[in-house]
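>>> Below: sequence and its predicted model.
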Amino acid sequence: MAEKNIPSKRKSPDEPLLRVKDMKQYFKLSGEELKAVDNVSFDVKQGEVLGIVGESGCGKTTTGRTIIKLYEPTGGDVWFDGYHIGTGVSWAKKQIKEAAAAGNSQLASELKKQLAADKAEVKRDLKSGIMDKMQMIFQDPVASLDPRMTVREIIAEGLRIRGITDKEYIDKKVTEMLTLVGLVPEHAERYPHEFSGGQRQRIGIARAIVLEPSLIIADEPVSALDVSIQAQVINLLNDLRNTMGLTIIFIAHDLSVVKYFSNRILVMYFGKMVELADASELFKHPLHPYTKSLLSAIPLPDPHYEKQRKRITYVPAVDHDYSVDKPSWREVAPGHFVNCNDAEFTAYQEELTK
Amino acid sequence: MDKILEVKDLVISFRTYNGNVKAVRDISFDLEKGETLAIVGESGSGKSVTARAIMGIEAGNAINEGGEIFYDGKDLLKISEEEFHQLRGNRVAMIFQDPLSSLNPIMKIGRQLTEAMILNGKANQKDAEKEYKTRTALLEKTMTEAITAQGKPNAAAYVKDQMNTLRSFTKISNSHERKYDDALAAAQTAADETEGLLIAILDGKPKVISRKVTELADQIKASVHDFVTTKDSPVLALREKLLAVNKAYVKTGETTELTATLKEIKEAMVPILEKPSPDWFSIGYKLYKDAGTKLRPNEVEPMNAQFRQYLDDNFLNEFTGNVEAAISYSHAAAVENQKKAVEILKESEKVFSSQYSVGEARKQMKLAGDAVEAAIDKLSISKDSLAYTFRNAISIAIDRYEEGIKLEKTGNPISNTKKIAKQNLDMELLKSNILTDCVRVRENFENRLEKAEDLDFRKLAVEMIEHLRKTAGKMVYKVTQGMAYSRAISLMEEVGIPEARKRIKQYPFQFSGGMRQRIVIAIALAANPDILICDEPTTALDVTIQAQILELINKLKKERNLSIIFITHDLGVVANMADKIAVMYAGKIVEYGTSEEVFYDPRHPYTWALLASMPDLESTDRLEAIPGTPPNMIHPPVGDAFAVRNKYAMEIDFEEEPPKFPITDTHWAATWLLHPDAPKVEPPRLVTERIARMAQYGKEE
């Protein structure tokens, strides 16, 4: 028994594989609301690698986890392969309440209707099993593999949950995946602790690709690894991307690795999107002061360069004046988006034409 | 430059069920003052083990099979745990990888920062007392002998009188100094509390504040002393006012007047803390000689000068002469004994380099040990620790040798402690360890004998008296909670933690990763170490925080002239930090050079592989990952350990270990590729291209 074939709901292959619109993820923290992800919208095209960078606590991991529905989004919508897989209920409810409180009953009822429709659509779309096509690779290969399961069980778990019972088919799949990630079939009977860090991360990757996903969310897959092992894992992901036609969201804080691996890069700062551009464009012409400060912090293996490198610090209160003119998400050059206000917008455009 | 730390031929292995894992195999390097040495390599290459050996905190199953780590004339592998307590944290400090697990989650930051200071303070007091007693006793004995030798009649009585004078007046000095110190500490605490209160008022918790005000009043009262807060000081009047205002504050909750009073107190405290401190050593003598002396708190400096003169004229000059005599007497005896010891050691070397039984070895050891012990100049302030530890070191070496013999014969270890595993029994190494112990002490003695001629005994005598005076001072110097806190706050400010006064009361979980690492650094710096070992300090942090921490470490290195050992697997981080780089693989240093040499002219294939496996901002080619994993160190590979993973490996790499091929004076690499007969090979394209690009960049600058 093979897996279900889930037809794409996209009208054409050029349409983005993943669409995220106004996604919000708020956490309640001792009465206060922490806006971990605030109004994030982006598209990911089929076959591309989108890198998400930012310092720890900027919401990049939360973004990934919300897309794959480890968290329910507070607000906003997510479409994957044309399927509506997530909608923010609590935000919509809050808006309905606000509209009702303001006495705008018409708007409130419209919003209510919209929410009900969205909820029904998401419920229906999720039934198709489309979430199988989205998988995640976690940062820590030690913590993300069950120490009491053999490698075979770990890799086959996804298949079993899918309801596949054919033992021969599972064996075939596991062997195939192990060879694909550069391990040998004999490894299937071993336990995770018998492997080195790089090999464990390979097992994590094998587990992620066994259901033949079209999108992989890689949450800092190499941060916990040695340099030499990092290279092995990055090369492996690169190969898989070519052979399987994977689309990858690559979350990391190591900018050299992100630059090397991604087509486009999204920079986040305190839950907000700051800049989005092609990888080479972003590194050549960083516009937002935060991006600049981030780039200036990258250490390179060149002592002369390092002795001269000056780190730029980013202080939002000094770098921006948003007291009158509020910032918004704008396209400064084709494909190059920055969060800025009018004055900055013109300044950035000038900077690009220079 | 001065070498501050020398690691020589270090061999460390770990006992495991499967056999001995050879973690560090014969590495040597020097660390110079104010220099950063980076140790780079994959996990499992032995870099952390090396660092831990320097700190003396290896895992329980570690065996130091051979080699030396010299710091401050001591071999850190041979000194006792007691002696290590003096070094660890105080002179050599360490920063660990994960700031979360190296802080105690249920202790406030302030406690963690001050804990060591207070403990060390207490320990120092005890040590000083012991040192003072033994040293004065020793001095008295030697001085009597020296003066008797000069032919003075009644030498014993004369010396006894002198030493008693010294002891009595330092006793008086100490009791005065103790009172003064307590008062000064109270004044310091009061000043700190005033500042803390000014901040606390902003939070507005009346109960806490009024309690703190009474505490402050108590501290001010405790600081009353002729030389600190004098009885006519305005602070005392302000204290009365503060108490009155506090009563009103508790009733009304009005803070303006309280704040104003506190500010006045803060200002009035400044001159008190800036007062010059009296010279209690001289004062003690004056008071001893002349019980009715009046001290003059208003003219501290002239008083100090006058009393010092009095001390010099009446006692100290004569006493210094006697001390000088004692020192030169003791030294002359030591020189004689050292000459003898050198002879005996030479004989021992002969014995130990031929065939010998354990019994013979022990006999010889006793001879040599006695000779060396007799040759120690016990009076000298700077301890010849090599000689002090000789007997212990050689007896350990012989024990190990005996165990080795037993093991070789019967296959069973001598005791349950099982210091050596059968698989890697190396009798030659065990034997040579005994021999090197002798050679080292002999060379040390010979050096000393050469220098013996140009010793300035007068200078040594002055140093000795200064030393006595300092230990006497240490006996009374108490580190109070308040002093430790104010020092902790200044440390936190030094490492860039904003609002230190407020944050010192928080728990580790309330800090972000970067801030936590700063606290760990502050704790490491608290004791003012000479050497800072950073074990992957930024691996758990993200780019911006990493950059901040690296900048901080670099800043502190400059300001405090620290020597740093920086351990990492990320070559990118190292370029900014290191003066010298040691690349480690499978327990050996495979390439060593200055940072420029290693980055611009790498020679070892492993260094190439490390460089090629990390992407930089320009790279687009496929990365060259190092195939495979590091070797199993229970059975280290024959030949070059890296050969199996090395695409440039030649046949000889699998047969024979490559020696160190020097490239420049400071740069060497252990690879057969540098042998004149080896074929010419090019480093991987990624590396050559990057070097070319860097050269280009260098020209543009």
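Structure received.

>>> now A:L287: how far from B:N304?
65 Å (CB to CB, to the nearest Å). All C-beta atoms are positioned from the backbone trio N, CA, C, and that covers glycine.

>>> for A:S328, that is, sorry about that
On the measure of CB to CB, A:S328 and B:N304 end up 71 Å apart.

>>> quick one, which of the two is more surrounded?
Set side by side, A:S328 and B:N304 show more neighbours around B:N304, with 18 against 11, by other CB atoms under 10 Å in any protein chain shown.

>>> which residues does that one contact?
For B:N304, the contact set (CB atoms under 8 Å, 6 or more residues apart in numbering or on different chains) comprises B:276, B:278-279, B:282.

>>> Neighbour count, pLDDT and distance to chain A added to the residues you listed, as JSON lines?
Shown next, in JSON lines, are the contacts of B:N304 (neighbours: other CB atoms under 10 Å in any protein chain shown; pLDDT from 0 to 100; distance: CB to the nearest CB, whole Å):
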{"residue": "B:P276", "neighbour count": "11", "pLDDT": "86", "distance to chain A": "42"}
{"residue": "B:P278", "neighbour count": "21", "pLDDT": "87", "distance to chain A": "47"}
{"residue": "B:D279", "neighbour count": "21", "pLDDT": "86", "distance to chain A": "48"}
{"residue": "B:S282", "neighbour count": "22", "pLDDT": "86", "distance to chain A": "51"}
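
>>> Turn the residues you listed into TSV, columns for secondary structure.
Shown next, in TSV, are those (DSSP: H, G, I helix; E, B strand; the rest coil):
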residue	secondary structure
B:P276	coil
B:P278	coil
B:D279	coil
B:S282	helix
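
>>> As CSV, these with distance to B:K3 would be great.
What follows is those, written out as CSV (distance: CB to CB, whole Å):
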residue, distance to B:K3
B:P276, 39
B:P278, 41
B:D279, 37
B:S282, 39
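
>>> from those, which two are the most distant?
Spanning the widest gap among those are B:P276 and B:S282, at 13.6 Å by CB to CB.

>>> ok, which stretches of the stretch 251-400 of chain B are helices?
In the stretch 251-400 of chain B, the segments counted as helices under DSSP state H, counting those that start in this stretch are B:256-274, B:280-289, B:300-311, B:317-353, B:358-374, B:385-388, B:390-410.

>>> which stretches of the chain form strands?
Since you didn't name a chain, this refers to chain A. A:18-29, A:32-44, A:49-53, A:75-80, A:83-87, A:134-137, A:215-219, A:247-251, A:264-269, A:272-278, A:328-333, A:336-340 (DSSP state E).

>>> that answer is for a different chain, and I need it for chain B
B:3-16, B:19-32, B:36-40, B:62-71, B:74-75, B:92-95, B:531-535, B:563-568, B:580-585, B:588-594, B:661-662, B:668-669.

>>> quick one: strands adjacent to the third one?
Read that as strand B:36-40. strand B:563-568 (parallel), strand B:580-585 (parallel) (DSSP bridges).

>>> B:F70: what's it in contact with?
B:5-8, B:76 are the contacts of B:F70 under CB under 8 Å, 6+ apart.

>>> what's near enough to touch the residue nearest to B:R400 when sequence neighbours are not counted?
Residue nearest to B:R400 in three dimensions, not counting chain neighbours: B:L430, with 5.5 Å by CB to CB, 6 or more residues apart in numbering or on different chains. Contacts for B:L430 were tallied using CB under 8 Å, 6+ apart; they are B:397, B:400-401, B:404.

>>> what about B:E493, neighbour count?
For B:E493, the count of nearby residues is 14 (other CB under 10 Å).

>>> which ones are touching it?
Counted by CB under 8 Å, 6+ apart, B:E493 has contacts B:A500.

>>> shaky segments in chain B?
Scanning chain B with the threshold set as pLDDT under 70 gives B:1, B:382-385, B:411-426, B:698-701.

>>> Domains in it, by residue range?
B:3-106+B:507-577, B:329-459, B:605-700 (automatic domain parsing).

>>> could you redo those as JSON lines and give each row distance to B:A157?
Formatted as JSON lines, those follow (distance: least, CB to CB, whole Å):
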{"stretch": "domain B:3-106+B:507-577", "distance to B:A157": "38"}
{"stretch": "domain B:329-459", "distance to B:A157": "18"}
{"stretch": "domain B:605-700", "distance to B:A157": "62"}
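
>>> most packed of the ones you listed?
Comparing those by mean neighbour count (mean count of other CB atoms under 10 Å in any protein chain shown), domain B:3-106+B:507-577 comes out on top with a mean of 20.

>>> The contacts of B:L430: which two are farthest apart?
Longest span within those, CB to CB: B:A397 and B:G404, 10.5 Å.

>>> quick one: B:L295 from B:V235, how far?
From B:L295 to B:V235 the distance is 20 Å (CB to CB).

>>> which one of those two has more residues nearby?
The neighbour count for B:L295 versus B:V235, taken as other CB under 10 Å, is higher for B:V235 (22 against 15).

>>> burial measure for the residue lying closest to A:Y322 once chain neighbours are set aside, as a count.
For A:Y322, ignoring the flanking residues on the chain, the nearest one in space by CB to CB, 6+ apart is A:N341 at 6.3 Å. Neighbour count of A:N341, defined by other CB under 10 Å: 17.

>>> shouldn't A:N341 be in contact with A:W329?
No - under the criterion of CB atoms under 8 Å, A:N341 makes no contact with A:W329, lying 11.1 Å away.

>>> Which residues of the stretch 1-150 of chain B lie near chain A?
B:42-43 (CB under 8 Å from any CB of the partner chain).

>>> related to what we said a few turns ago, JSON lines for the contacts of B:L430, including distance to B:L37?
Shown next, in JSON lines, are the contacts of B:L430 (distance: CB to CB, whole Å):
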{"residue": "B:A397", "distance to B:L37": "29"}
{"residue": "B:R400", "distance to B:L37": "30"}
{"residue": "B:Y401", "distance to B:L37": "33"}
{"residue": "B:G404", "distance to B:L37": "34"}
